[in-house]
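1. Predicted structure and sequence below. I'll ask about it afterward.
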Amino acid sequence: MKHDPLIFRIFVALLCCLFPLCLHAQKGLQIATLFQKYGNQKNVTMVQLHGSALTSYGMTVYKSLTFKDVTPFLDDVTRCIRNDAASEKVSKSQEIVEDGILRSAYYQLSSVRRGEQMVNRYLLFKRGKHQTAALVYIEGGLDEEKLMDILYNKQDQ
């Protein structure tokens, strides 16, 4: 498959324009460093979505890191998550700790102003089978109930 160099350059330029928005979204959170350090690592997948792709979900920012094997990164990931959770930025949290290891976490962070709007922020972490793990950061107008509906695939009837 042949790639058009002009389209590639336009795509890279768009990414460069969006990059400052990505950094601003997590400003003040230690997990922001995880996206910077591990987003391009082997066996780690980073997804960043912004704008109209998320509008129907009530989100403005969606960022995730999925680790095929979180073991080499686990101490750093856990430290950053726990430091953010221990800060006063968390208004609601739920954690599952098994044998002293963080297995799953949900944090509702305090709302922040983005332009004219106040947006809600969420931080999710889940370890799966075979040392896999996912870290997700979400921002937008969606409330906790809407987020739970999305996470558990509830459809409006």
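-> That came through, no problem. Residues are numbered from 1 along each chain as shown.
2. residue contacts, the nearest residue to residue 125 once chain neighbours are set aside?
-> Among residues not flanking residue 125 along the chain, residue 105 sits closest, at 4.3 Å (C-beta to C-beta, 6 or more residues apart in numbering). Where C-beta positions appear, they are placed from N, C-alpha and C, glycine not excepted. Each residue near residue 105 by C-beta atoms under 8 Å, 6 or more residues apart in numbering is listed here: 81, 85, 93-96, 123-126.
3. what about the protein, any weak spots by pLDDT?
-> Filtered on pLDDT under 70, the chain yields the residue ranges 1-27, 88, 154-157.
4. quick one, helices of the chain?
-> 5-25, 31-38, 74-86, 144-151 (DSSP state H).
5. Could you export the third one as CSV, CA atoms only?
-> This file holds the C-alpha atoms of helix 74-86, laid out as CSV (Å, rounded to 0.1, in the frame of the first residue of the first chain):
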residue,chain,number,x,y,z
LEU,A,74,3.9,-1.0,37.0
ASP,A,75,5.8,0.8,39.8
ASP,A,76,5.8,4.1,37.9
VAL,A,77,2.2,3.8,36.8
THR,A,78,1.0,2.9,40.3
ARG,A,79,3.0,5.7,41.9
CYS,A,80,1.6,8.3,39.5
ILE,A,81,-2.0,7.1,39.9
ARG,A,82,-1.7,7.0,43.7
ASN,A,83,-0.1,10.4,43.9
ASP,A,84,-2.9,11.9,41.8
ALA,A,85,-5.5,10.0,43.9
ALA,A,86,-4.0,11.3,47.1
